[in-house]
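Asks: pasted the sequence and its predicted model underneath.
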Amino acid sequence: MKYAIILEHVGQYSISLMREVLGVHRSGFCKWRDAPKSQRQTRREGVESFVKDTFAEFQAMYGAPRITKELNALGHRCSLNFVAKIMRENRRIARNGKAFNYGGHALTMHNVSDNLL
């Protein structure tokens, strides 16, 4: 986390100053910066793109359970919790359909005859 902060503020402050303030060694920062992406990070980015595409394809109507089923059907193995976490981090919320409305029926009161008593 400290390394990411340093990388984020490289243009504003010098690296040596940020290193001293955060208590990080230069060699550790350089090793972290030049390291290739891990297998887990690569897989996560792939699933994030599939979740984004599936979410857009179904016009934000599908939540994590349905998106998980779609991805598993396409051959991209992932769990419900994994997809839900990705959606939460990217602020993707499914829109539910409209609830049933028990409103008054318009025709019922129009066809009533007058009370003549």
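Replies: All right, it came through fine.
Asks: poorly predicted segments of the chain, please.
Replies: Applying pLDDT under 70 to the chain flags the ranges 104-110.
Asks: and for the longest helix seen in the chain, what's in contact with it?
Replies: Of all segments of type helix in the chain, defined using DSSP state H, the longest is helix 39-57. Helix 39-57 is touched from outside by 37, 62, 67, 70-71, 74, 76, 78, 82-83, 86-87, 90, 92, with contacts defined as CB atoms under 8 Å, 6 or more residues apart in numbering. For glycine as for every other residue, the C-beta is placed from the backbone atoms N, C-alpha and C.
Asks: going through the residues you listed, which ones are buried?
Replies: Among these, those scoring as buried are 62, 67, 70, 71, 78, 82, 83, 86, 87, 92 (criterion: 16 or more other CB atoms under 10 Å).
Asks: of the contacts of helix 39-57, which is the nearest to residue 21?
Replies: residue 37 (27.2 Å; CB to CB).
Asks: need the nearest residue in space to the closest one, chain neighbours excluded.
Replies: Excluding its sequence neighbours, the residue lying closest to residue 37 (CB to CB, 6 or more residues apart in numbering) is residue 45, at 7.9 Å.
Asks: kindly report the same for residue 28.
Replies: Spatial nearest neighbour of residue 28, chain neighbours left out: residue 3 (7.5 Å); criterion: CB to CB, 6+ apart.
Asks: what about that neighbour, how many residues close to it?
Replies: Neighbourhood size, residue 3 [other CB atoms under 10 Å]: 18.
Asks: surely it touches residue 26?
Replies: No. The pair residue 3 / residue 26 is not scored as a contact, 11.2 Å apart, by CB atoms under 8 Å.
Asks: can you give me the distance of residue 49 to residue 112?
Replies: Residue 49 is 60 Å from residue 112, where distance means CB to CB, to the nearest Å.
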